[in-house]
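**Student:** The amino acid sequence is not available; the structure is as follows:
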Ligand code: HEM
Ligand SMILES: N[C@@H](CC(=O)c1ccccc1NC=O)C(=O)O
């Protein structure tokens, strides 16, 4: 009986006859061709000689994060485009994807934190003055979400290509600017000066728009779509804050209160970002709702 069981145990799956195995013809693309794997997998160059064991982890976490940031930005541009076309459903679908990407970015902290402070110290000096502060993929996302802080551009002045990309992101309307345009198209009384504002400037909220959101949130039965959109924006904002919080917490766990390689105070600098907000009106509306309910 035991022998019979052993015989039946599967040790190899084998392949099916129909499986395509002949890729000698260069026109027949393989998985590796399609994904440019030779290029992709040649980019994880460790920078110490001899390489330290955790350099590979550090590089891959950052490269993967940059890829997620790239996709997140792509989807944010899509949402902005759909809002401009009043294509509500696709905008909502893409916001859901953005939230899923944000969860992926947050999950990276767990993997990174398997690296001990001592492990990091074996190669931190080799990073020189490079720092996540110089991530233009991240900055582009902050800009489209509305944090138009031009002081962050300074570190890119040496690089015309990056400057051009970030300047374009700076001067275009943010996602929320596009929401304001949409509210105006739907008949809400959005002040003209907000619709025609200089989009390279930060928008910190306006009591007249807060009034519009108050109307929407008091009458969700009538304005369900706008309410649902605003709540998705709040979700994106919360997940962004969670990423910032987890970053600051992870950094404190690894380097304590040491200054950053980019030259900032380190954790204290990162914690200051926890006070930043993208969608000011959506927060102010909540205080307004409370106040008026009591009145
Ligand atoms: C051991 C891991 C890490 C440490 C010790 C660390 C440390 C720091 C510090 C100290 C800063 C402040 C700027 C400076 O003075 O350098 C910073 C900024 C930043 N880091 Fe990290 N970081 C780590 C991992 C990551 C990862 C995995 C990412 C993902 C892309 C990331 C993205 C960023 C970004 C985008 C900023 C700028 C934040 C802002 O402008 O508010 N960091 N990091
Ligand atoms: N600022 C970090 C190092 C750092 O940020 C960094 C440097 C090179 C590549 C990625 C980095 N990570 C993200 O902030 C530190 O102070 O240790």
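**Tutor:** Done, it's in. Since the structure is predicted, the reported quantities are computational estimates derived from the model, not experimental observations. Ligands and ions are numbered 1, 2, ... in the order given.

**Student:** what's the neighbour count on the residue of the chain found nearest ligand 2?
**Tutor:** Per Cβ to the nearest ligand atom, residue 132 is where the chain lies closest to ligand 2, at 2.4 Å. From N, CA and C alone the C-beta is placed, and that goes for glycine too. The burial count assigned to residue 132 is 15, neighbours taken as other Cβ atoms under 10 Å.

**Student:** ok, for it, nearest residue in space, not its chain neighbours?
**Tutor:** residue 138 (7.0 Å; Cβ to Cβ, 6 or more residues apart in numbering).

**Student:** Helix or strand: which one has that neighbour?
**Tutor:** helix 136-144 (DSSP states H and E).

**Student:** now what about that helix, what contacts it?
**Tutor:** 66, 69-70, 72-73, 76-77, 80, 132, 149, 152-153, 156, 162, 165-166, 169-170, 172, 174-175 (Cβ atoms under 8 Å, 6 or more residues apart in numbering).

**Student:** try stretch 197-215
**Tutor:** 146-150, 170-174, 176-177, 180, 183, 188-191, 194, 223, 230, 280-285, 288-289, 292.

**Student:** Quick check: which helices or strands does the helix or strand harbouring residue 272 pack against?
**Tutor:** Using DSSP H and E, residue 272 maps to helix 267-272. When contacts are defined as 3 or more Cβ pairs under 8 Å, 6 or more residues apart in numbering; DSSP states H and E, helix 267-272 packs onto helix 224-255.

**Student:** which parts of the helix it packs on are buried?
**Tutor:** For helix 224-255, a neighbour-count test (16 or more other Cβ atoms under 10 Å) marks 226-227, 229-230, 232-233, 236-237, 239-241, 243-248, 250-252, 254-255 as buried.

**Student:** quick check, that helix touching ligand 1?
**Tutor:** Yes: interface with ligand 1: helix 224-255 contributes 247, 251, 254, 255 (Cβ under 6 Å from any ligand atom).

**Student:** Hmm, the third one is touching residue 121, no?
**Tutor:** Read that as residue 254. No: with contacts defined as Cβ atoms under 8 Å, residue 254 does not count as touching residue 121, sitting 9.1 Å away.

**Student:** which element is residue 108 on?
**Tutor:** helix 88-112.

**Student:** ok, and which of the contacts of helix 136-144 reach ligand 1?
**Tutor:** residue 132.

**Student:** Can you select the buried ones among the contacts of helix 136-144 for me in PyMOL?
**Tutor:** A single PyMOL command selects the buried members of the contacts of helix 136-144 (16+ other Cβ under 10 Å):
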select buried, resi 69+72+73+76+77+80+152+153+156+162+165+166+169+170+174+175
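
**Student:** Among the contacts of helix 136-144, which ones are in strands?
**Tutor:** Counting by DSSP state E, no part of these is found in strands.

**Student:** related to what we said a few turns ago, give the contact list for the residue of the chain closest to ligand 2.
**Tutor:** Neighbours of residue 132 in contact, by Cβ under 8 Å, 6+ apart: 62, 138, 262.

**Student:** now it: how far from residue 287?
**Tutor:** The spacing between residue 132 and residue 287, counted by Cβ to Cβ, to the nearest Å, is 33 Å.

**Student:** cool, and residue 208?
**Tutor:** 15 Å.

**Student:** and if you look at residue 146?
**Tutor:** From residue 146 to residue 287 the distance is 19 Å (Cβ to Cβ).

**Student:** Those two - which one has more neighbours?
**Tutor:** Taking neighbours as other Cβ under 10 Å, residue 146 and residue 287 compare with residue 146 leading, 21 against 10.

**Student:** from memory residue 133 sits against residue 270, does it?
**Tutor:** No: Residue 133 is beyond contact range of residue 270, at 9.6 Å (criterion: Cβ under 8 Å).
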